[in-house]
Structures are given as C-alpha cells and as structure tokens.
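**Student:** I need the structure of the sequence given here:
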Amino acid sequence: MHFRLMEILAEKQREVARLKKSGLPVKGDNGLSRTSFAEAISVPDRIGLIAEIKFASPSAGIIRKKTDPVSIGRVYEGAGAAAVSLITDKCFFGGELDPLPRLKRAISLPILRKDFIIDVIQIKESFLFGADAILLIARILSHGQLKDLLAAAHAFGLDSLTEIHDRDDLDKAVECGAKIIGINNRDLDTFEVDIKTTIDLAPLVPEGCILVSESGIMAGEHIRSLWSHGVQAVLVGSTLMKSKDVGAKVEELVGAGKKGNGKS
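**Tutor:** Got it, this is the predicted structure:
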C-alpha cells in the first residue's frame, strides 16, 4: 500500500477514535428524507453523472478556491446531474461534513458522502448528517470489514458505492454483496489514471450490479467511449471543479450520457 494511503488511513483511525470518544451529535438531521442514490444513477438509456464537490486532493493540490458547497450543488442540479458526491475528508482533501445537511435541504438530488470509511460509527454519522449513500473502498478494507460496513449502511437505509481498482478488489466486493460497483481508474498506489481500467474490468462485473466509472473522465468523448461497456454512471470531480463554467461542463457530460447523442 502506498505510503500516502497509509498516512491517510492512520489519520482516519485517529479521527474515528476521537469520534468514539466525543460521541455523535444527539440531534442529527436524520429527519431529512432520503433519495435513492441507486435509482438516480441507473436510469435506463443514459449514463448518469455523479458530480463531485472537491476543493483539493493529495495528487492535484488546490483544485478550486473554497466556496459554499451548496451553491455548487445547485449548479450541478440545475445542469442535469443525477447525483452529487461531497468529499468530507478535511485533512487531505479540504472537505467538510458540516455543510452536508444544508446541501441536502437545498437540492433534491441524492448525496454521496465520499470519505475513507473504516468504521460503523462513520456510517451512523453519515446518516445523521443526511447522506443518501456512502463510499466504501475495497482496497483499504478486509473482507470482514467490507461485509460489516455494507450491512451497516443497509441497516441505516443508505446505499453503498463500493470502489474497486483491480480483479482482487472486484472479487472481494462481489463476495461481500456489493450492489453498486465503482471502478476507480486511478491507481491509489501510483495515482496514475487510465480509463482502460474500466474497460478491462467492466465485463467481469456481475449482471445486476450498477456499474460506475470514476476518475479521468474529462470530456463527452470519454463518456461516449464507455457506452458499449455497460457503464451506468460516471463520477467526475476535478474536471468540473476546474471548469470556468461549471454548469456548461456538467451539461456537456450529461448530454454525452444520453443514448443516441453521439454514441458510436
């Protein structure tokens, strides 16, 4: 495992320990209505866009000057995104969990909480703050951990996007019962990105799973190239956040995901 990933996980373990010590807020926003992430990203005859709010990353540094996530979420919704992903890791990605309830109230799209989730308490926290779905990374979890976290998310009524990068990750995810598989085109060890990762692994994903392609999707042509590989949604962050006209970029990618719109 890459030293940077190990560093992130060590910090996440410290965060979880602090969370367990301080306890979760007694009053969370768990009264917020849930929207099905799975349904929103698997509409027939289109590749749905999961538009990500991401201000920084370890590989790219500062991506966009920090602004209110709510204003970005509204642009994403207005331009036709299927769902919104909010990065909540503070230490390495400059994210925050606190805006999630406000974002949930401001838009009708389902919200994915994207973080390094390693403990059930983070799933309960996600629920209290109004998330509709969580990210689980197969690479950083044992079989037992992944199975338990998938079950915990289900118990709280949350969908899980289980992220994989290779055949071993995929086998683990399927064995643990993952229903939404996200193929990360970025290698977490080298940070290199190759969309061919999705093309190679897509045929191995069992029928009945929702298939998402993540990372490296920068233009409509990339989405059109995924049409014949069974991809149902794409997760795009940096490309959108770097754009001068975010709404126009979302519209371009959403348009490319509609069947018959330039599909080869």
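
**Student:** And stretch 223-230, what's buried?
**Tutor:** 223, 224, 225, 226, 227, 229 (16 or more other CB atoms under 10 Å). For glycine as for every other residue, the C-beta is placed from the backbone atoms N, C-alpha and C.

**Student:** Just say helix, strand or coil for the fourth one.
**Tutor:** Read that as residue 226. The three-state assignment at residue 226 reads helix, by DSSP: H, G, I helix; E, B strand; the rest coil.

**Student:** so who does it touch?
**Tutor:** Residue 226 sits next to 47, 195, 198, 199, 213, 234 when contact means CB atoms under 8 Å, 6 or more residues apart in numbering.

**Student:** The nearest residue to the first one once chain neighbours are set aside and residue 41: what is the separation?
**Tutor:** This points to residue 47. Of all residues not flanking residue 47 in the chain, residue 257 sits nearest, at 3.5 Å (CB to CB, 6 or more residues apart in numbering). Residue 257 is 11 Å from residue 41, where distance means CB to CB, to the nearest Å.

**Student:** Next: residue 107.
**Tutor:** 15 Å.

**Student:** Equivalent analysis for residue 17, please.
**Tutor:** Applying CB to CB to residue 17 and residue 41 gives a distance of 33 Å.

**Student:** Comparing the two, which shows the higher neighbour count?
**Tutor:** residue 41 (27 against 12; other CB atoms under 10 Å).

**Student:** Just the strands from the stretch 1-150 of the chain, written as ranges.
**Tutor:** Applying DSSP state E, counting those that start in this stretch to the stretch 1-150 of the chain gives strands spanning 48-53, 56-57, 61-62, 83-87, 111-114, 133-137.

**Student:** Which other helices and strands does the first one contact?
**Tutor:** Meaning strand 48-53. Secondary-structure packing of strand 48-53 (3 or more CB pairs under 8 Å, 6 or more residues apart in numbering; DSSP states H and E): helix 69-78, strand 83-87, strand 233-236, helix 238-242, helix 246-256.

**Student:** Give me the sheet partners of that strand and which way each runs.
**Tutor:** Strands that pair with strand 48-53, judged by DSSP bridges, come out as strand 83-87 (parallel), strand 233-236 (parallel).

**Student:** CA atoms only: put it into PDB for me.
**Tutor:** In PDB, the C-alpha atoms belonging to strand 48-53 read as follows (Å, rounded to 0.1, in the frame of the first residue of the first chain):
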ATOM      1  CA  GLY A  48     -25.800   9.400 -15.200                       C
ATOM      2  CA  LEU A  49     -23.400  12.000 -13.900                       C
ATOM      3  CA  ILE A  50     -22.400  11.900 -10.200                       C
ATOM      4  CA  ALA A  51     -21.000  15.400  -9.900                       C
ATOM      5  CA  GLU A  52     -18.400  15.800  -7.200                       C
ATOM      6  CA  ILE A  53     -17.700  18.700  -4.900                       C
END
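
**Student:** tilt between it and helix 246-256?
**Tutor:** 160 degrees (axes from the mean of the first three to the mean of the last three CA atoms, to 10 degrees).

**Student:** Thanks a lot, see you next time.
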